[in-house]
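**Q** sequence first, then the predicted structure:
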Amino acid sequence: MIKPKKLKKGDKVAIVSLSSGLAGEKMFRHRYELGKKRLEQLGFNVVTMKNALKGIEYLYNHPEKRAEDFMEAILDKDIKGIICNIGGDDAIRLLPYIDFEAIANNPKVFMGYSDTTINHYMMQKVGVVSYYGPAVMTDFAENNSMHTYTLKYINEVLLENREDIVIKSSDKWTSEYLDWAIEENDNIPRKMNEEKYGYEVLQGDGIFTGELLGGCVDVFPMMIGTNIWPKKEEWKNKILFLETSEDEIKPLYLQYILRNLVAQGIFEEISRNNSTENLKMRNIMKSIRRCIKRLHMRQIRKTYQYYIM
């Protein structure tokens, strides 16, 4: 895998909208502005690609324009990094307009998450490392101020470009909803909760090393069968990481997706990692079932609490 050069203060960084056009909507524009300001405060020279703020309807109807922004940012020698405004649900529609050779020949920092998983696999296809992380309208525009945890890993991963990064569980978390449409909410910090458990190890010693490959499971079904979905052998020795979107995927549907990954032989490949080589497939499946059961019970409790309120 080709690792892009680290970013440094003064570098030109491009903002793109490769899925949703939310950043271009009047009532949410302040989130984009705040995220951009925070990037500038980190010392970057921030530019916004020409179609990134054209709104939801325009960008939905013109996936080729989203792809055009992406490819222009890739080909621009002065641009050293690309960061997404936000995710969405149809980045897969960019696929016919992507120049994979151009991506391979112009490796640069690319970051985003959620539906942006699709674009990460475009980079993965040609062997370019990308960074599954903060987006402009979410983490960079976090209410009141950016989280210390976020800033720590932005510095370690993108600016210091270290090889020996230990990814620890955050000691705080939040799921509080504050309406983005109310601009005054930008100044109200969300309620933080203390993390009591950290990473929960279901089996093994809890220490894993290797390259990450994964993303938002909600969009996996859109990629499977396309030319960006990795071959079985490309999963060898990878650490599979999974995110679920704010839509709160049903546990049973998550189980279906995981069963598909098992059927493809992916779990056999990732279990070859030297930290997990002694784990049996039967034990892996037991762990999956335990996870699904816990998610299902949590969802039942949440639904029950909703109905009795």
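**A** Now that the structure is in, tell me what you want to look at. Residues are numbered from 1 along each chain as shown.
**Q** what's the domain layout of the chain?
**A** 12-162+173-193, 212-308 (automatic domain parsing).
**Q** can I get those domains in JSON lines with mean neighbour count and mean pLDDT?
**A** Where C-beta positions appear, they are placed from N, C-alpha and C, glycine not excepted. Formatted as JSON lines, the domains of the chain follow (neighbours: other C-beta atoms under 10 Å; pLDDT from 0 to 100):
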{"stretch": "domain 12-162+173-193", "mean neighbour count": "19", "mean pLDDT": "96"}
{"stretch": "domain 212-308", "mean neighbour count": "15", "mean pLDDT": "76"}
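**Q** check contacts around residue 238.
**A** 210, 211, 212, 213, 269, 270, 273 (C-beta atoms under 8 Å, 6 or more residues apart in numbering).
**Q** distance to residue 204 and secondary structure added to those, as CSV?
**A** Formatted as CSV, the contacts of residue 238 follow (distance: C-beta to C-beta, whole Å; DSSP: H, G, I helix; E, B strand; the rest coil):
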residue, distance to residue 204, secondary structure
210, 13, coil
211, 18, coil
212, 17, strand
213, 18, strand
269, 16, helix
270, 12, helix
273, 10, coil
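**Q** and the helices in the stretch 201-309 of the chain, which stretches?
**A** Using DSSP state H, counting those that start in this stretch, the helices assigned to the stretch 201-309 of the chain run over residues 220-223, 251-263, 266-270, 281-308.
**Q** select, out of the domains of the chain, the one closest to residue 201.
**A** domain 212-308 (9.9 Å; C-beta to C-beta).
**Q** can you give me the pLDDT of residue 210?
**A** Residue 210 is assigned a pLDDT of 81 by the prediction.
**Q** what's the nearest residue to it if we skip its chain neighbours?
**A** Once flanking residues are discounted, residue 210 sits nearest to residue 239: 4.8 Å by C-beta to C-beta, 6 or more residues apart in numbering.
**Q** the one you found bridge partners, please.
**A** residue 212 (DSSP bridges).
**Q** how about it, what does it touch?
**A** Residue 239 touches 208, 209, 210, 211, 212, 213, 214, 270, 273, counting by C-beta under 8 Å, 6+ apart.
**Q** closest one of these to residue 42?
**A** Nearest member of these to residue 42, counting by C-beta to C-beta, is residue 212, at 23.1 Å.
**Q** please tell me I have it right and that closest one contacts residue 241.
**A** Yes: at 5.4 Å, residue 212 counts as touching residue 241 under the criterion of C-beta atoms under 8 Å.
**Q** what is in contact with these two at once?
**A** Counting by C-beta under 8 Å, 6+ apart, the residues touching both residue 212 and residue 241 are residue 132.
**Q** what about residue 51, which SS state?
**A** coil (DSSP: H, G, I helix; E, B strand; the rest coil).
**Q** what distance do you get for it to residue 59?
**A** Separation of residue 51 from residue 59 (C-beta to C-beta, to the nearest Å) stands at 7 Å.
**Q** what is in contact with those two at once?
**A** Both residue 51 and residue 59 are contacted by 17, 65, 66, under the criterion C-beta under 8 Å, 6+ apart.
**Q** and the first one, what does it touch?
**A** Just to be clear, that refers to residue 17. By C-beta under 8 Å, 6+ apart, the contact set of residue 17 is 23, 24, 49, 51, 52, 53, 59, 66, 69, 84, 85, 86.
**Q** kindly recompute the last result at 7 Å.
**A** 23, 52, 59, 66, 85 (C-beta atoms under 7 Å, 6 or more residues apart in numbering).
**Q** you'd agree the first one is in a helix?
**A** Yes: under three-state DSSP, residue 23 falls within a helix.
**Q** close enough to count as contact, it and residue 86?
**A** Yes: between residue 23 and residue 86 there is a contact at 6.5 Å, judged by C-beta atoms under 7 Å.
**Q** mutual contacts of the two, please.
**A** residue 137.
**Q** and the residue nearest in space to the middle of the chain, backbone torsions?
**A** For the chain, the residue sitting closest to the mean C-alpha position, by C-alpha atoms, centre = their mean, is residue 113 at 2.0 Å. Dihedral pair for residue 113: phi -150, psi -170, per degrees, to the nearest 10.
**Q** now for the residue lying closest to it once chain neighbours are set aside: which residues touch it?
**A** Nearest non-adjacent residue to residue 113, counting by C-beta to C-beta, 6+ apart: residue 132, 5.5 Å away. By C-beta under 7 Å, 6+ apart, the residues touching residue 132 are 113, 120, 215.
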